[in-house]
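Colleague: Pasting the sequence and the predicted model now:
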Amino acid sequence: MTKSICFFNHKGGVSKTTTTYNLGWTLSKLGKRTLLVDLDPQCNLTGLVLSNQALDDEFMKNFYQNRQYITFEPIVEKIISGKIISEMANDGSIYPVDNQNLFLLAGSLNISELDSQITTALKITTGLPILGRIIANFFETLEKIAENNDIDYLLFDLSPSISGLNELALMGSDYFIVPTSPDYFCLQAIHSLSKKINQWHKEIEEFKKDTKIKIKNNPLFLGAIQQRYRLRNEAPTKSFEKWINEIRNAINSVLVNKLKPINCVITKELFSSVVNKK
């Protein structure tokens, strides 16, 4: 069964995209068929995967227009217009990265349009049931693409924002990881995120009751990744170490404690057994 992992922090510049790519590459080298899903309208993950080809305007034009590979451009158009799932999931193949088990579902600028539609749907679907189908189609399309291609892992690279699409993708995933950088704003983001996920959990529960649409709504927090700091003698310099420790403490004392009541964190025992496994 396909497992989905979100990489999310609403503070930008914490290496979400790079982390998504690196974990995807590692999983693929372990024999897991992995699909990188670019849900950021800035398309940074797509640019990272396509590398120098992304600088070639003619290549990019053909990449999106010839429809050989599935991208979010037609998916967004079809989800919003209410097309059937098979028309979205079977429209081309997933783009193969330089590894037999690693693939890309390329992003698109019009993901921002889907974002606004989903944000509206989460608020007023009870009055306009057709908006609920947008949300259902989003999940069903990704599930169908994964099924058609025997995907083991879906890795979602989200934008650094508090948006309807991010809410839906995060709360509908199996797991999530929070990339961080050692600074004051990331510390504040941990406190903010602990409140926001609880709010999203409540909103999705109410949405599910009103619409009967199935959304998992219990993504398990796997942990945070601290990066983007300088080393001295194989340890973070003092200025970075201070923020690393404060962020770690905030994650353990604030974020984890807020996630426990809504069943959105793995157990300490399981985390320790995996991290300490040799």
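Modeller: Everything's here; your move.
Colleague: drop to CA atoms for contacts and neighbour counts, all remaining ones
Modeller: Fine.
Colleague: contacting residues around L35?
Modeller: Residues in contact with L35 (Cα atoms under 8 Å, 6 or more residues apart in numbering) are 24, 102-105, 146, 151, 153-155.
Colleague: rerun at 7 Å
Modeller: 102-105, 151, 153-155 (Cα atoms under 7 Å, 6 or more residues apart in numbering).
Colleague: As CSV, the residues you listed with distance to S253, pLDDT and neighbour count would be great.
Modeller: Converted to CSV, the contacts of L35 look like this (distance: Cα to Cα, whole Å; pLDDT from 0 to 100; neighbours: other Cα atoms under 10 Å):
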residue, distance to S253, pLDDT, neighbour count
L102, 36, 97, 25
F103, 37, 97, 25
L104, 36, 96, 26
L105, 36, 95, 24
I151, 35, 97, 20
Y153, 30, 98, 21
L154, 29, 98, 25
L155, 27, 98, 24
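Colleague: would you turn those residues into TSV with secondary structure and distance to V76?
Modeller: Listed next are the contacts of L35 as TSV, based on DSSP: H, G, I helix; E, B strand; the rest coil; distance: Cα to Cα, whole Å:
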residue	secondary structure	distance to V76
L102	strand	23
F103	strand	19
L104	strand	16
L105	strand	12
I151	coil	21
Y153	strand	22
L154	strand	18
L155	strand	18
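Colleague: so which of those residues comes closest to I197?
Modeller: Nearest to I197 among those is L155, at 19.0 Å by Cα to Cα.
Colleague: which residues are contacting the helix or strand harbouring E73?
Modeller: Assigned by DSSP states H and E, E73 falls within helix 72-81. Residues outside helix 72-81 that contact it (Cα under 7 Å, 6+ apart): 88, 106-108, 110-111, 114, 134, 137-138.
Colleague: Now do the buried residues in that helix.
Modeller: 72-80 (16 or more other Cα atoms under 10 Å).
Colleague: Tabulate the residues you listed (TSV), appending distance to E241 and pLDDT.
Modeller: Below are the buried residues of helix 72-81 laid out as TSV (distance: Cα to Cα, whole Å; pLDDT from 0 to 100):
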residue	distance to E241	pLDDT
F72	40	91
E73	42	89
P74	45	87
I75	44	87
V76	43	88
E77	46	84
K78	48	83
I79	46	83
I80	46	80
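Colleague: Closest one of those to Y95?
Modeller: F72 (12.0 Å).
Colleague: Please tell me how far that closest one sits from V275.
Modeller: 35 Å (Cα to Cα, to the nearest Å).
Colleague: And for L39, nearest residue in space, chain neighbours not counted?
Modeller: L158 (5.2 Å; Cα to Cα, 6 or more residues apart in numbering).
Colleague: got a pLDDT number for the one you found?
Modeller: With respect to pLDDT, L158 scores 94.
Colleague: Among the contacts of helix 72-81, name the ones in helices.
Modeller: Counting by DSSP state H, the part of the contacts of helix 72-81 found in helices is 88, 111, 114, 134, 137-138.
Colleague: Can you tell me which of those has the most neighbours?
Modeller: M88 (25 neighbours; other Cα atoms under 10 Å).
Colleague: so where do the helices sit in the stretch 1-150 of the chain?
Modeller: For the stretch 1-150 of the chain, the helices defined by DSSP state H, counting those that start in this stretch occupy 16-29, 44-50, 57-65, 72-81, 85-89, 111-124, 129-148.
Colleague: what's the angle from the fourth one to helix 57-65?
Modeller: The reference is to helix 72-81. 30 degrees (axes from the mean of the first three to the mean of the last three Cα atoms, to 10 degrees).
Colleague: got the angle for helix 72-81 vs helix 111-124?
Modeller: Going by the same axes, to 10 degrees, helix 72-81 makes 30 degrees with helix 111-124.
Colleague: and helix 72-81, how far out from the chain's middle?
Modeller: 18 Å (Cα atoms, centre = their mean, to the nearest Å).
Colleague: can you pull out the strands in the stretch 151-278 of the chain?
Modeller: 153-157, 175-180, 220-226, 231-232, 235-236 (DSSP state E, counting those that start in this stretch).
Colleague: N198 is nearest to which of those strands?
Modeller: strand 220-226 (12.8 Å).
Colleague: quick one: average pLDDT of the closest one?
Modeller: Mean pLDDT, strand 220-226: 91.
Colleague: Select the longest helix from this structure.
Modeller: Taking DSSP H as the assignment, the helix of the chain that covers the most residues is helix 184-211.
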